[in-house]
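S.K.: following is a predicted model, sequence given first.
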Amino acid sequence: MSFTALQALKAYGQAASTAQSGGKPAAGPDFGAMVKDAIEKSASSSAKAEQMTIAGASGQAEMIDVVTAISEAEISLETVVAVRDEMIKAYQDILRMPI
């Protein structure tokens, strides 16, 4: 699952409203649920790609379908890795902040 700019803006707006409301989270999906959903979708697309690869090797699927499934899985995994890297970078930036 890839994150759109609109989803990022909504998450930022929600974080800003949480900060203004004294730390009480606003109603709606939280960031952890969004990340968990992205990981689950990435895992399911990887499983689909594996199934399509097996079907393609046995001659039960068209090669274009196999390549498409593998490409979708690759893009999904790259998105999850990019989000993970940004989360780690943000955490490290917070750790480096002076008290």
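M.R.: That came through fine. Residues are numbered from 1 along each chain as shown.

S.K.: show me the shaky parts of the chain.
M.R.: Where the chain drops to pLDDT under 70, the residues are 1-6, 8-9, 18-28.

S.K.: that one: strands as residue ranges?
M.R.: Counting by DSSP state E, the chain has no strands at all.

S.K.: looking at it, which helix is longest?
M.R.: Across the chain, the longest stretch assigned as helix under DSSP state H is helix 63-96.

S.K.: show me how far that helix is from its chain's centre.
M.R.: Relative to its parent chain, helix 63-96 has a centroid offset of 7 Å by Cα atoms, centre = their mean, to the nearest Å.

S.K.: and that helix, what does it pack onto?
M.R.: In this structure, helix 63-96 packs against helix 31-57, with contacts taken as 3 or more Cβ pairs under 8 Å, 6 or more residues apart in numbering; DSSP states H and E. (Glycine included, C-beta is placed from N, CA and C.)
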